[in-house]
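Undergrad: could you work out the structure for the sequence below:
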Amino acid sequence: MIKTFEEAHQLILELQICTIFESSKTELPSLWEHLDLPEKQEGEKGWGQKVSAVWDWKNRLPAEFPDEIFYGKIKGGLAALMTLDYLRDVHFKSSYKCVDELHPLSTHIFKKIRAEPWETTSLRKEMIQECGCSKSQFDTALKNLQISLNIARSNDLEIERDTWLTFQELYPEIWNWHVLED
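TA: Below you'll find the model as predicted:
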């Protein structure tokens, strides 16, 4: 059981991959189940220590250790942390799909992100106005771009909101290793 950010870093390196929260959709371990922090107590304001730690660490770990840890979505739409070695050697091969194989809305969103980084809320508003999609359709398309490893969240600690870049831009070595080799 862990209590600190440093221990969380070591845990991800040991596990190689874990989800953020527990889920019946997978047999993968979760960061949540390894945390020895109190959950929100009755009458306590905010999220409580455990949720606050998980929510903070899912962004801080890849930001502070960008050459070691990746944050993204896996099959089933689950948020996960994994080592870059695991991403390169195992996960990319089984998860990558060319953007052309995805729903046209995903392709349209990808083209926007390829042109420039976008923050989720602004991009959602733009797509709803431009394409007439619903919030749910947008969210599904964005999630599928993450699962298929076409986009990834920026690791910049200065950026407070989820901001999207192409996977290729953030992880060119892994991209080139797989996509250009095929």
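Undergrad: now do the phi/psi pair for the residue nearest the centre of the chain.
TA: The residue lying closest to the centre of the chain (CA atoms, centre = their mean) is Gly72, at 2.1 Å. Main-chain dihedrals, Gly72, degrees, to the nearest 10: phi -170, psi -170.
Undergrad: list the contacts for Phe70?
TA: When contacts are counted by CB atoms under 8 Å, 6 or more residues apart in numbering, Phe70 touches 62, 81-84, 87, 152, 171. Every residue, glycine included, has its C-beta placed from N, CA and C.
Undergrad: same thing but at 6 Å, please
TA: 62, 82, 84, 87 (CB atoms under 6 Å, 6 or more residues apart in numbering).
Undergrad: same check, this time on Leu105
TA: Per CB under 6 Å, 6+ apart, neighbours of Leu105: 133, 141.
Undergrad: now name the helix or strand holding it.
TA: In the assignment (DSSP states H and E), Leu105 maps to helix 104-115.
Undergrad: do the same with Ala8
TA: Here Ala8 is assigned to helix 5-15, by DSSP H and E.
Undergrad: and the residue nearest to the centre of the chain, bridged to which residues?
TA: Listed by DSSP bridges, the beta-bridge partners for Gly72 are Ala80.
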